[in-house]
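Novice: Please find the sequence and the predicted model below.
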Amino acid sequence: MSSKFRLRMARIKDYVGKLWDVVIIGAGAAGVAAGIYSARYMLKTIVVSENEGGTLLEAAEIENYPGFPSILGPDLARKFIDHLKKYNVPILKSRVTDIVRREDGLFLIKGTRGLELKAKTVILALGTVRRKLGVPGEEEFAGRGVSYCTVCDIPLFKGKVVAIVGGGDSALQGVLLASRHASKVYLIHRRDKFRAQPIYVEQAKKLDNVEFVLKETVVEIGGTNKVEWIKLRSGRILKVDGIFIEIGEEPPREFLEKIGLELDEKGFIKVREDMSTNIPGLFAAGDVTNIPLKQIVTAVYTGARAATSAYEYITKMKVEGR
Ligand code: NAP
């Protein structure tokens, strides 16, 4: 680990065992907004996250966040994090592995790298994980031509042939970006209707080096040392150097169930209007909740709302003498 990195990240051992008003898990748009609001409510606040920026780090050009007509995801993430750091909110690098609400109402939060914190309230803003295709070759070639983040990895495929799977915003934005790097881009989607915003579909259709392969699915990924081909359900084989799987996100269901959270049928946390969950004192925000619009503006709103609810919860605790 470089000394620069050590300086930038807060050291976990300096915080172990301390009691916090709010522990925020996740440092994406929702977690950052929650942190800024909590700090401004003068709550003793700390953020725990595996990275600084969440899924924003994987976003291409963002054109629908007010105030920024066009900005790259990682650049917006940097601005968010810098804003949070202005309030001296520590950000600890750890993956939270357990959250227990004790009988006295306090939370015990445990995570990797020796993380152990106590808190009056918790805001879960840990986002989602990438959905997998579940086909032969996918696991074997992960990192050797199989990628789940076009934005992160497409520069490695300059002048190559790639396939992008999916029909949502991530896939279509991925195609727009990939067409600037790759010589040829196949967009493989299982239907002929798209979830993606029409503007992205229209832009992609106009590109000479993009071929839409519709009503098709990938059934196998193959090669020797790295990806060389993909097989489609129809039997068609496409020679590709890389495949980008952009088929959406899933909540980390197993972890959420372990904590005892009430989830919807897809595994997202059921939240009330105030972002409270079935566990008193535990609030949720952002993509991990069952709020349908998964956008940065929504994440920011729900983060701010969760912090406000945490503040109200703690104020009530004080009035009740807890
Ligand atoms: P998504 O909207 O859930 O779309 C996933 C796509 O993958 C769908 O087209 C789906 O097909 C397909 N799919 C799912 N499982 C599949 C499987 N097993 N095999 C083949 N195809 C499969 O996911 P997303 O595009 O990652 O977007 C996630 C959220 O982030 C959305 O709310 C999106 O609006 C948002 N987002 C927004 C922006 C933006 O505003 N610029 C950018 C990126 C993401 P079906 O359509 O047939 O179900």
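Specialist: Okay, I see it. Numbering: from 1, shown residues only.

Novice: Which pLDDT value belongs to R6?
Specialist: pLDDT for R6: 43.

Novice: in the stretch 1-150 of the chain, which spans are strands?
Specialist: Here the stretch 1-150 of the chain has its strands, by DSSP state E, counting those that start in this stretch, at 19-25, 45-49, 61-62, 71-72, 91-93, 96-101, 107-111, 115-124, 129-130, 146-147.

Novice: Report the backbone C-alpha coordinates of whichever helix or strand comes after the last one in PDB.
Specialist: What it means is strand 146-147. Of the helices and strands lying after strand 146-147 in sequence (DSSP states H and E), the nearest is helix 150-153. The C-alpha trace of helix 150-153 is given here as PDB (Å, rounded to 0.1, in the frame of the first residue of the first chain):
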ATOM      1  CA  THR A 150     -17.800  -1.300 -20.100                       C
ATOM      2  CA  VAL A 151     -16.800   2.100 -18.800                       C
ATOM      3  CA  CYS A 152     -13.900   0.600 -16.800                       C
ATOM      4  CA  ASP A 153     -12.500  -1.900 -19.300                       C
END
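
Novice: Enumerate every residue touching the residue of the stretch 51-200 of the chain found nearest the ligand.
Specialist: The minimum distance from the stretch 51-200 of the chain to the ligand, using CB to the nearest ligand atom, falls at G168 (2.3 Å). Where you see a C-beta, it was placed from the backbone N, CA and C, and this is true even at glycine. By CB atoms under 8 Å, 6 or more residues apart in numbering, the residues touching G168 are F194, R195, A196, E246, I247, G248.

Novice: Now list the buried members of the residues you listed.
Specialist: The neighbour-count test (16 or more other CB atoms under 10 Å) marks F194, A196, E246, I247, G248 as buried among those.

Novice: Surely the third one is in contact with A178?
Specialist: Same thing as E246. No: E246 is beyond contact range of A178, at 10.1 Å (criterion: CB atoms under 8 Å).

Novice: which residues of the chain score low on pLDDT?
Specialist: Scanning the chain for pLDDT under 70 picks out the ranges 1-9.

Novice: who in it is up against the ligand?
Specialist: 64, 131, 133, 165-171, 173, 190-191, 195, 217, 246-249, 294-295 (CB under 6 Å from any ligand atom).

Novice: Please pick the buried ones from those residues.
Specialist: 133, 165-171, 173, 246-249, 294-295.

Novice: out of these, who's nearest K270?
Specialist: The closest of these to K270 turns out to be K294 (CB to CB; 15.8 Å).

Novice: Skipping its backbone neighbours, what lies nearest the closest one in space?
Specialist: Using CB to CB, 6 or more residues apart in numbering and skipping residues adjacent in sequence, the residue nearest K294 is D287, 5.1 Å away.

Novice: cool, P66 as well?
Specialist: With sequence-adjacent residues excluded and distances taken as CB to CB, 6+ apart, P66 is closest to V297, at 7.4 Å.

Novice: got the contact list for V129?
Specialist: E249, E250, P251, P252.

Novice: 7 Å instead, please
Specialist: For V129, the contacting residues are E249, E250, P252, by CB atoms under 7 Å, 6 or more residues apart in numbering.

Novice: Rebuild the strands of the stretch 1-150 of the chain as CSV, extending it with distance to E139.
Specialist: Formatted as CSV, the strands of the stretch 1-150 of the chain follow (distance: least, CB to CB, whole Å):
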stretch, distance to E139
strand 19-25, 28
strand 45-49, 26
strand 61-62, 30
strand 71-72, 30
strand 91-93, 26
strand 96-101, 23
strand 107-111, 26
strand 115-124, 28
strand 129-130, 13
strand 146-147, 8
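
Novice: Between these, which one is closest to F212.
Specialist: When the strands of the stretch 1-150 of the chain are compared by CB to CB, strand 146-147 sits nearest F212, at 20.1 Å.

Novice: what sits opposite G223 in the beta ladder?
Specialist: Here G223 sits in beta bridges with V227, going by DSSP bridges.

Novice: Correct me if wrong: it contacts F141.
Specialist: Yes: using CB atoms under 7 Å, G223 is in contact with F141, at 6.4 Å.

Novice: In contact with the nearest residue to K266 once chain neighbours are set aside, which residues?
Specialist: Nearest residue to K266, sequence neighbours excluded (CB to CB, 6+ apart): P251, at 7.3 Å. Counting by CB under 7 Å, 6+ apart, P251 touches T128, G267, F268, V288.
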